[in-house]
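Engineer: What would the 3D arrangement of this be:
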Amino acid sequence: MLFLNRECCRFIQLIEEWIKDDHEIHLVFYEDIVEDPIREARKMIQFLNIVNLDEITLEQRIACQEKNRTDLFKWFHRGENIKGNPYDHDTRTLINQTINKVDAILKQSGFKGLSLEKYHYL
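Structural biologist: Numbering: from 1, shown residues only. Now for the predicted structure:
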């Protein structure tokens, strides 16, 4: 639990440092990538202002990404799929507090908040 507590604090500090910096930031949320990886890839390409690829090559790469998309991620432990929530109450509480704090920091700074409804498994 000490490790998790330290890492949650480091994550919050990292978010705060990124936001207070005056650099342009593009936040990428795992949940958005899972929901629509093509849309998110296009947003990243636009943000990064990638202009050295011609439009055909870019569309071919995006089409390749869509063609090879899989939803095979599963939690495995000793070769078996874990059933139920693998976190104990204290761990879930700490993770939820961290998620809510990061959400508040993002919103206070004018960014899109986290998709809290997608964290129902915690």
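
Engineer: Contact partners for the residue lying closest to residue 18 once chain neighbours are set aside?
Structural biologist: Leaving aside its sequence neighbours, residue 18 sits nearest to residue 25 (CB to CB, 6 or more residues apart in numbering; 5.8 Å). C-beta coordinates here come from the backbone N, C-alpha and C atoms, glycine included. Listed by CB atoms under 8 Å, 6 or more residues apart in numbering, the contact set of residue 25 reads 18, 19, 111.

Engineer: burial count for residue 13?
Structural biologist: 10 (other CB atoms under 10 Å).

Engineer: and it, what element?
Structural biologist: helix 2-20 (DSSP states H and E).

Engineer: Same check on residue 45?
Structural biologist: Using DSSP H and E, residue 45 falls within helix 37-48.

Engineer: in whichever helix or strand comes after that helix, what's buried?
Structural biologist: Using DSSP H and E, the helix or strand that follows helix 37-48 in sequence is helix 55-67. Neighbour counts over helix 55-67 (16 or more other CB atoms under 10 Å) mark residue 58 as buried.

Engineer: In terms of secondary structure, what does helix 55-67 contact?
Structural biologist: Packing partners of helix 55-67 (3 or more CB pairs under 8 Å, 6 or more residues apart in numbering; DSSP states H and E): helix 37-48.

Engineer: got the angle for the helix it packs on vs helix 55-67?
Structural biologist: 140 degrees (axes from the mean of the first three to the mean of the last three CA atoms, to 10 degrees).

Engineer: Thank you, goodbye.
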